[in-house]
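A.B. asks: Build me a model from this:
(4 chains)
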Protein chains: 4
Amino acid sequence: MISYEEVQKHVSADDCWVIIKGRVYDVTNFIALHPGGRQAILSHAGKEVTELFSMLHPSDALENLPPEACLGLVDPNTVPAQENVLTESDLQRRAAREIMPPAQSMMLLRDFEEWAQRVLSETAWAYYRSASDEEHTFMENQDAFRRYFFRPRVLVRDMSTGSTETTFMGIETSMPVFISPAAMAKLGHPLGEVNLTRAAGDWDIVQAISSNASCSVDEIFEASSEDQPLIFQLYLNKDRSQSETLIRKVEKLGARAIMFTVDTSWDSKRTLDSRAKAPTSADASSATVATLPVNRAISGYQDRNLTWDDIAFIRKNTKLPIIVKGIQSLEDVEMCVSHGVEGVVISNHGGRQADYAPAPIDILYEIRALRPELFEKTEIMIDGGIRCGADVVKAIALGAKAVGLGRPFLYANGTHGEEGVRRVMEILHEEITNTMRNIGANTIEQLKPEMVGPAGPWVGANRPPYIKQ
Amino acid sequence: MISYEEVQKHVSADDCWVIIKGRVYDVTNFIALHPGGRQAILSHAGKEVTELFSMLHPSDALENLPPEACLGLVDPNTVPAQENVLTESDLQRRAAREIMPPAQSMMLLRDFEEWAQRVLSETAWAYYRSASDEEHTFMENQDAFRRYFFRPRVLVRDMSTGSTETTFMGIETSMPVFISPAAMAKLGHPLGEVNLTRAAGDWDIVQAISSNASCSVDEIFEASSEDQPLIFQLYLNKDRSQSETLIRKVEKLGARAIMFTVDTSWDSKRTLDSRAKAPTSADASSATVATLPVNRAISGYQDRNLTWDDIAFIRKNTKLPIIVKGIQSLEDVEMCVSHGVEGVVISNHGGRQADYAPAPIDILYEIRALRPELFEKTEIMIDGGIRCGADVVKAIALGAKAVGLGRPFLYANGTHGEEGVRRVMEILHEEITNTMRNIGANTIEQLKPEMVGPAGPWVGANRPPYIKQ
Amino acid sequence: MISYEEVQKHVSADDCWVIIKGRVYDVTNFIALHPGGRQAILSHAGKEVTELFSMLHPSDALENLPPEACLGLVDPNTVPAQENVLTESDLQRRAAREIMPPAQSMMLLRDFEEWAQRVLSETAWAYYRSASDEEHTFMENQDAFRRYFFRPRVLVRDMSTGSTETTFMGIETSMPVFISPAAMAKLGHPLGEVNLTRAAGDWDIVQAISSNASCSVDEIFEASSEDQPLIFQLYLNKDRSQSETLIRKVEKLGARAIMFTVDTSWDSKRTLDSRAKAPTSADASSATVATLPVNRAISGYQDRNLTWDDIAFIRKNTKLPIIVKGIQSLEDVEMCVSHGVEGVVISNHGGRQADYAPAPIDILYEIRALRPELFEKTEIMIDGGIRCGADVVKAIALGAKAVGLGRPFLYANGTHGEEGVRRVMEILHEEITNTMRNIGANTIEQLKPEMVGPAGPWVGANRPPYIKQ
Amino acid sequence: MISYEEVQKHVSADDCWVIIKGRVYDVTNFIALHPGGRQAILSHAGKEVTELFSMLHPSDALENLPPEACLGLVDPNTVPAQENVLTESDLQRRAAREIMPPAQSMMLLRDFEEWAQRVLSETAWAYYRSASDEEHTFMENQDAFRRYFFRPRVLVRDMSTGSTETTFMGIETSMPVFISPAAMAKLGHPLGEVNLTRAAGDWDIVQAISSNASCSVDEIFEASSEDQPLIFQLYLNKDRSQSETLIRKVEKLGARAIMFTVDTSWDSKRTLDSRAKAPTSADASSATVATLPVNRAISGYQDRNLTWDDIAFIRKNTKLPIIVKGIQSLEDVEMCVSHGVEGVVISNHGGRQADYAPAPIDILYEIRALRPELFEKTEIMIDGGIRCGADVVKAIALGAKAVGLGRPFLYANGTHGEEGVRRVMEILHEEITNTMRNIGANTIEQLKPEMVGPAGPWVGANRPPYIKQ
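C.D. replies: Sure thing, here's the model as predicted:
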């Protein structure tokens, strides 16, 4: 039994202990290896970090430490009682959760967001919702969808039958929607990403597993049903051999594609996330001990040296199709085509990287208007700003093969767990079905570019180039 | 005399009783025939449904049941006293009604809407006001009108005389306005659609009777004055023989045209309507017993298999002119012309079907700009978003023969009954007259496309194509 | 001495008495002659109307009655004490006036508007501020100015000298601003239009006298300084002989031009004005006795039969230059030119006639872009929506010879009387001077079209046609 | 010792004493020489003005008076005790400062603005924040940036290295940002501009010293580190010989360029600043004694006769490069080129001169679209409306060599002093770095016009002219 007092003597980079689940660990040698970076450990040296550790790591994360790192049990009598004083905002969250309606009463995806803001912990809300700098791209992603309208056709066919089923990347799914790789589902619900996996399995839609998932890939694959299609999202590690190992592992586990994220080769300031960790005047004296925002705490291992050559690196290590996620311009779709990738996700990381990156739906429209042949050369997906079925249908009609959503699933997981995630899928399915049939299509194939275009009359400069005058 | 306890034993799909106006009915065999669908009955099995029944059905609706369905009187002493506890929002509505000004003090159509929101029952307001999904089309319908402005001409003629009289579909009316077929007027006022009929008769304007009117067509025709022009709006029944019967019946009653609605071959989520029926956290335990939104409760019989061939079906069964309502694109106006229909209503069902369907006034502008010859080939009407006389005049100047309004009449019926409906007509007549004469026309024929166009200076790309540079 | 009781016996159209300034008048024969129309008198039959009468009429208005109409003095002891109960809103207005800063502390024209809303009587505010129907044109008039920006030039000349002096309609003035003919200044201040006249005389700017001024033309000319330029605004009377008499009278008094208003040949609904007179639920029982809005009460004599031939009628009766006010389209400016009028005011009556009439500054821009030669053929002025010096400079740079303001002068007259009116002129002069010199002009002649154009970069479709690429 | 009573006898233009730091000065002869103008002194005649004097003047300003102007000490017992009554708004400011978070917790530049509004004195806030007339240009400067978006490129290069270093006007700096010449830093912090100098020295960025700085140029140069680049901003004096002396002095002190401000040859109304000095109703009686807004109090000496010939005047007196600040049109950039100036700052004086002057970023876009060759002929900078790193990167990508910020530095100086100024630089550096690397550039040279353009899809009229279709 080690006393808490003793632990406090080991709080430097050269000698660093922490307490997790009643045990004392010497993590000195692990600091440099920590995927989330040095600072993420050092700012908690000497502390009891069980709760934080659990929310940010898969349950098997301690296995990354050598056995001798565990120094023994902490003497619980010596650990100062964490005064579990509930703040006023904690009490408000608790009260909100008590009056929160059941998942079935959520009518729009935005309903989950509204409740998530009221019931999630400040850390969770700040991490999920945050976007970079002044959040213009975050807002633009959604606003841009509002600038496209349909031209519904009537009496075209029997609407009593039909479906939203489709195929993308060779995978059959119940609708052209996938779960974008979003990290840290445990911040919202203790079961984490596994809730997403189970709901996706039942609904037969694709989940893209984040490299930074708070459940391990093993846990997620274990939670999946037979033949459930899972895609693995990859951040390349500074140490490429670890990336090789990881790619081979997920291929073996049964991943159906590698989604290579290319828009985070550099940091960004996630404003809300940073604010949540910044000292207020009340604790200004402790301002020198900075706490890292979640975003920084989990991304330390990612390589900043990413180039088009890395496509070949990945190709060399897997037979799986490669999807490049994070394309933000027509020109880079062309680059993807010339590098032979099987799929592209036009995405600005949900407004979390370059503020003032363009809305994905606008880039999709540019491609349809100026380079429609690209849709034949690779499979184009988008994510960012999708909040209703009509958004999905707009993207598909313009030529996307599927669209990804991140935050809505995380919000619903945070408010209602797996049942919430299912409800998001149910709402999307209903809205997509309604939108499709009400504009004249009962299959995905019947959605055509001429069904969608800019708001306002399609006259003169406002007429989509792909529609005859 | 049947006891309430006994009734409670018959609450399944195989054995279903309900209590209406003091009588017990066995509706088991009628469930499958119910125009509003099975679920609408089953969710009320065993209950006293008099109030709900009366608001949703014509007074002769019980005649659809065979005589033997009436099992006898319920023993009133056994029926549990409905605790008529007024909720806080009931009390607010009551208080609002007490201070509501008289109809003559309503100056704008929006004034009725404002008061309707304050005094109507939650069910009525939610059904009338609701629109689909995120309600973008509902808002766009109105916003789009705000993007068109006039170019008034002065000193053109003696304005001391003139009129708003016109003819459309061969019917002479006092102004180019008709009552769009809107259902469930009884939700707002116990006399229901009959209020609309009487006001329309006095004002000499056309009423289109909804297939889902809460008064029967017989009641409505009975309330009409001699030669009062009524149009019948038709949803085709899954059982076409019933549609045949209905068409022949209304022709015989004296309907002047059949308005065939084509934009509801599939469902939509009416958000407010759905929210009004969704469980809140307070009654989450009863969440399994879903109550249908009004929209779903009344539309179960409608056929989802609608195609252009149905024009011929209707034509075969009537000599009346056919108006196709629910056209949302220039291309489908062309389809209507090629199918020889006498009239078209450009409409997105008041924003209640495809969210992000375009505003009707924008489609009208597209036709004027790109296919003006279509105005010669069929009579084009619009509805959706019209809230003032200027909106009417814009549509007529661009080429519409008439415009329809739905919600404003229902709101006024709900606040002030027949007097409210008359006041809406009076306001519209005054505003149309004022607008016409102040822009240089004292007859409908003098309204010309060059009098209206986009907001802002008509220079360069913003100049309407139909006006010489 | 006539008793109040006796007066109450004469309250019909056939026998109508009223009490003004302690005297009883039989106005039966005058009802049909009343310039403000029959209803305006009848709704006050039998009443003590001194206060209302004084606010709406010049002080010599009683001279229009024959001497025998005066029946004698009312017995003051019989007149029921008007319970001078101050309403809550009266008390708020009084309190607001007590804390109102002096005129010199008003920094923007909008400051006067803000205080006017707080301190004016409901009738005055409603009449001044009101606009037609939903008030879109009222707002557009101002919003449109916000869509034009300058391209200031620097280092062009010595700015230590310069002036805002200019000439329009042959009149030299201190700045290109005139007082638009706005009626009923007495509603805001007991001295009425005379305050405007005195301030205009000192500042050397033109006042256009409304046909419906609450001071008589004699009073106004009397208040003017020697050679002070006054223009007379003319509504043609149904009885043209009265118009002839009036034209000859004002020419003799020294008016410098006739401003013929052509945009009110028909009524409009002034929404605020109408609301102020509409019954609320509290007095619904008295709803049958309608009180006319001010607008209606004063306009009954105006002819609705106005055509281009009336230019010749006016020309026949005066040698003064003719200005046509109320032109709202490029085409009607051309009509004015072809009818040889000396001046044109592009105006939509401050948004008080056709709602959705275009903003005058936009029509001015259309002329500059499409028919610049019109500026050489007649003098073009505008009014509507001008609220700062930059607005004035924009119009002048595009080609207007002068601009008119109405409401800002009425608001300032209502808040601070003549001193307020002077302060409006001072603010305008300062803002015009600052704007001119800061964009590179120190005389009116140096203002050029290329100094102003649409907001945003002048690239492609947004580049003004009158500026070389 | 002179009594306060005696001082009160000398309060006219012919005989004017004031009390500064316990001494009585006869400033009669200095009134005409006062750089801030006569009125600025006269309105304080006879008063104790130490605090005001210190905030508005460098510490050596009293040396401008001849020794005999000091008449002796004031008898402190005779000076009326200034009742230091704290107003409610003083108390609010004090309370706000107590809860203000440390500089490190400010995440966006806007955070400093928000706190500055809460904690600065009314005079300081009003002077810093104020803009001219209705403040449209002030808002447009910022809004315009929001209408430009990036097209980020991915996988282009190793992002692990790179820098924001650049060179403009021959000066190497750590990022393409300079401190715009903004006056009166002492209003926000007693150390004044010296705080800016020290922070700029550490961060290796250029400070432009305002002619109206509240620290003297000697003080500022003294506070600078060796070789720290400082630019001197010049208002030409009505007495050009004083300008000559000044130019030669600052060249000798080591200034690296002369920034000649050309957009203030005439006054403007700074609305907030004026309001702060205007009488309220409470002190209306004293309204005759006007207090000058800060803007007027400090600018009396500036010459209003500025022309292109003045470039030659400056050139004659210095070998330093000349930057012309205050250019607001493409045409005047061409004028600068033809006059051979080394640099241009497109600026509208932060919206403080001509209201409705265009946003600098829009003018920059015009040049890029229409006259790209100008970027080769002079160095173009902009200031106005920049509030984040993305704004900086947009300007640089379009062709600007550097951008200036004024208010953000003054706000931060006012809230947190030198530490606040440093934090602004830190935030900008982080945001610029993040933006650059996330759009595909790791050096300033790699920023290209095709990376930035208007919001929305780049299709048709919205496609930047400098990007191939």
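
A.B. asks: ok, longest helix in chain A?
C.D. replies: Criterion DSSP state H: the longest helix present in chain A is helix A:407-439.

A.B. asks: Can you give the strand pairings for the following helix or strand past that one, parallel or anti for each?
C.D. replies: For helix A:407-439, the succeeding helix or strand toward the C-terminus, using DSSP states H and E, is strand A:452-454. The pairing partners recorded for strand A:452-454 under DSSP bridges are strand A:148-150 (antiparallel).

A.B. asks: same for the longest helix of chain A, what does it pack against?
C.D. replies: When contacts are defined as 3 or more CB pairs under 8 Å, 6 or more residues apart in numbering or on different chains; DSSP states H and E, helix A:407-439 sits against helix A:109-119, helix A:122-129, strand A:177-179, helix A:193-203, helix A:389-398. In this view, the C-beta of every residue, glycine as well, is placed from N, C-alpha and C.

A.B. asks: Out of these, flag the one nearest chain D.
C.D. replies: Smallest distance to chain D across these (CB to the nearest CB): 10.6 Å, for helix A:389-398.

A.B. asks: Give me the distance from the closest one to the chain's centre.
C.D. replies: Relative to the centre of its chain, helix A:389-398 is centred 20 Å away, using CA atoms, centre = their mean, to the nearest Å.

A.B. asks: Repeat that for stretch A:272-283.
C.D. replies: Distance of stretch A:272-283 from its chain centroid, counting by CA atoms, centre = their mean, is 24 Å.

A.B. asks: pull the CA atoms of it into PDB?
C.D. replies: Output of stretch A:272-283 as PDB, limited to C-alpha atoms (Å, rounded to 0.1, in the frame of the first residue of the first chain):
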ATOM      1  CA  LEU A 272     -15.200  25.700 -27.000                       C
ATOM      2  CA  ASP A 273     -13.000  22.800 -26.000                       C
ATOM      3  CA  SER A 274     -10.200  25.300 -25.200                       C
ATOM      4  CA  ARG A 275     -12.500  27.500 -23.200                       C
ATOM      5  CA  ALA A 276     -13.700  24.600 -21.100                       C
ATOM      6  CA  LYS A 277     -10.100  24.000 -19.900                       C
ATOM      7  CA  ALA A 278      -9.000  27.700 -19.600                       C
ATOM      8  CA  PRO A 279      -8.700  29.200 -16.100                       C
ATOM      9  CA  THR A 280     -11.300  31.600 -15.100                       C
ATOM     10  CA  SER A 281     -10.600  34.500 -12.800                       C
ATOM     11  CA  ALA A 282     -11.500  32.300  -9.800                       C
ATOM     12  CA  ASP A 283      -8.600  30.000 -10.300                       C
END
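
A.B. asks: Tell me how chain A divides into domains.
C.D. replies: Domains of chain A are assigned by automatic domain parsing as A:4-78, A:109-462.

A.B. asks: weakest of these by average pLDDT?
C.D. replies: When those are compared by mean pLDDT, domain A:4-78 comes last with a mean of 88.

A.B. asks: Bridged to A:Gly405, which residues?
C.D. replies: Wrong residue type there; residue A:405 is Leu, not Gly. Under DSSP bridges, the beta-bridge partners of A:Leu405 are A:Ile179.

A.B. asks: wait, it sits on A:Cys388?
C.D. replies: No: in terms of CB atoms under 8 Å, A:Leu405 does not count as a neighbour of A:Cys388; the distance is 10.3 Å.

A.B. asks: residues shared between the contacts of these two?
C.D. replies: A:109, A:428 (CB atoms under 8 Å, 6 or more residues apart in numbering or on different chains).

A.B. asks: quick one on the thing from earlier: in TSV: the helices and strands packed on helix A:407-439, plus distance to D:Asn348.
C.D. replies: Formatted as TSV, those follow (distance: least, CB to CB, whole Å):
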stretch	distance to D:Asn348
helix A:109-119	39
helix A:122-129	36
strand A:177-179	48
helix A:193-203	51
helix A:389-398	39
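
A.B. asks: which non-adjacent residue is nearest A:Ile427?
C.D. replies: Ranked by CB to CB, 6 or more residues apart in numbering or on different chains and with sequence neighbours excluded, the top spatial neighbour of A:Ile427 is A:Leu109, at 6.2 Å.

A.B. asks: For that neighbour, the count of nearby residues, please.
C.D. replies: 24 (other CB atoms under 10 Å in any protein chain shown).

A.B. asks: ok, now which ones touch it?
C.D. replies: A:387-388, A:405, A:408, A:424, A:427-428.

A.B. asks: C:Pro293: which of these is nearest?
C.D. replies: Minimum distance to C:Pro293 across the contacts of A:Leu109 is 45.5 Å, recorded for A:Cys388 (CB to CB).

A.B. asks: one step back: most packed of the domains of chain A?
C.D. replies: Mean neighbour counts were taken over the domains of chain A using mean count of other CB atoms under 10 Å in any protein chain shown, and the top value, a mean of 21, falls to domain A:109-462.

A.B. asks: Just the endpoints, please. Distance across it?
C.D. replies: 30 Å (CA to CA, to the nearest Å).

A.B. asks: Skipping adjacent residues, who's closest to A:Glu450 in space?
C.D. replies: Closest residue to A:Glu450 apart from its sequence neighbours, by CB to CB, 6+ apart: A:Ile467 at 5.1 Å.

A.B. asks: and that neighbour, that's in a strand?
C.D. replies: No: assigned with DSSP: H, G, I helix; E, B strand; the rest coil, A:Ile467 falls outside any strand and is coil.

A.B. asks: got a list of what the spatially most central residue of chain A touches?
C.D. replies: By CA atoms, centre = their mean, chain A has its centre lying nearest to A:Ala182, at 1.7 Å. A:Ala182 sits next to A:128, A:210, A:406-407, A:409-410 when contact means CB under 8 Å, 6+ apart.

A.B. asks: Closest one of those residues to chain B?
C.D. replies: A:Arg407 (16.2 Å).

A.B. asks: Pull the contacting residues for that closest one.
C.D. replies: A:113, A:128-129, A:182, A:350.

A.B. asks: now do 10 Å
C.D. replies: A:109, A:112-113, A:116, A:128-129, A:131, A:138, A:180, A:182, A:350-351, A:384-387 (CB atoms under 10 Å, 6 or more residues apart in numbering or on different chains).

A.B. asks: relative to helix A:122-129, how tilted is the longest helix of chain A?
C.D. replies: Angle, helix A:407-439 to helix A:122-129, by axes from the mean of the first three to the mean of the last three CA atoms, to 10 degrees: 40 degrees.

A.B. asks: orientation of helix A:407-439 relative to helix A:193-203 in degrees?
C.D. replies: Using the same axes, to 10 degrees: helix A:407-439 against helix A:193-203 is 20 degrees.

A.B. asks: How far does helix A:407-439 sit from its chain's centre?
C.D. replies: 16 Å.

A.B. asks: Spatially nearest residue to A:Arg371 (excluding sequence neighbours)?
C.D. replies: A:Leu330 (6.0 Å).

A.B. asks: Using PDB, list the CA coordinates for the one helix or strand A:Ala40 maps to.
C.D. replies: A:Ala40 is part of helix A:38-42, with elements assigned from DSSP H and E. This file holds the C-alpha atoms of helix A:38-42, laid out as PDB (Å, rounded to 0.1, in the frame of the first residue of the first chain):
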ATOM      1  CA  ARG A  38       3.500  14.300 -23.200                       C
ATOM      2  CA  GLN A  39       1.600  17.200 -21.900                       C
ATOM      3  CA  ALA A  40      -1.600  15.200 -21.600                       C
ATOM      4  CA  ILE A  41       0.100  13.000 -18.900                       C
ATOM      5  CA  LEU A  42       2.200  15.600 -17.200                       C
END
